[in-house]
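Peer 1: after the sequence you'll find the predicted model.
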Amino acid sequence: MALKIAEELLKQIHLHGERAYPEEGAGLLLGAIENGDKRVSQLITFPNAREPSARRNRYLLTPQDYLRGEQEAARLGLEVIGVFHSHPDHPNRPSEFDREWAMPGWSYVITSVQSGKAVESRSWQLSEDRSQFLEEMIRTME
């Protein structure tokens with residue numbers, strides 16, 4: 001299984017992480033599942049709703065953010081297929097906190113932002129038993 005995303009959308013994810021730096025930035029991935037792969041068609045960015053003192057290493061999307069994402073996905077004939085967020089000055093691997101709040105079946109794209117510059121994104125999917133994340137290949141498209 002792979003996450004297919006246009007190069008331009010991946011650049012938008014990187015820019016959002018850079019703009020949010022030194023805090024975490026986050027948003028939703030909208031798209032569809034095709035032949036076992038997820039294809040990202042649209043992004044929705046949101047402000048980090050976490051309390052200011054925790055935004056450097058935590059993000060929060062509110063229930064209203066998720067509702068807006070679901071409504072926009074339905075309007076476009078898509079579905080919410082995952083979340084993206086940045087890790088300021090940390091690797092692009094999920095934290096234990098990320099695992100505790102993740103949903104199986106969704107993709108979690110994490111971008112490492114080092115000194116204000118997006119370095120690399122990786123995608124992860126929570127195992128069905130919620131015990132661990134498994135890396136999901138990112139395939140960029142034109």
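Peer 2: Received, thanks.
Peer 1: tell me the contacts of the residue sitting nearest the centre point of the chain?
Peer 2: Taking C-alpha atoms, centre = their mean, the centroid of the chain lies closest to Phe84, which sits 1.1 Å from it. Listed by C-beta atoms under 8 Å, 6 or more residues apart in numbering, the contact partners of Phe84 are 13, 16, 26-29, 43, 108-111, 121. Just so you know, the C-beta spots here come from the backbone N, C-alpha and C atoms, and that holds for glycine as well.
Peer 1: for it, give the beta-bridge partners.
Peer 2: Beta bridges link Phe84 to Gly27, Val109 when assigned by DSSP bridges.
Peer 1: what helix or strand is the nearest residue to Phe46 once chain neighbours are set aside located in?
Peer 2: Spatial nearest neighbour of Phe46, excluding adjacent residues (C-beta to C-beta, 6 or more residues apart in numbering): Asp65 at 4.7 Å. Assigned by DSSP states H and E, Asp65 belongs to helix 63-76.
Peer 1: next: Leu15.
Peer 2: Leu15 is part of helix 7-20 when elements are defined by DSSP H and E.
Peer 1: name the surrounding residues that touch that helix.
Peer 2: Residues from elsewhere that reach helix 7-20 (C-beta under 8 Å, 6+ apart): 25-27, 40, 42-43, 45, 48, 84-86, 88, 109, 111, 113, 116-118, 121, 138, 140-142.
Peer 1: number of residues surrounding Ala6?
Peer 2: The number of residues packed near Ala6 is 14, by other C-beta atoms under 10 Å.
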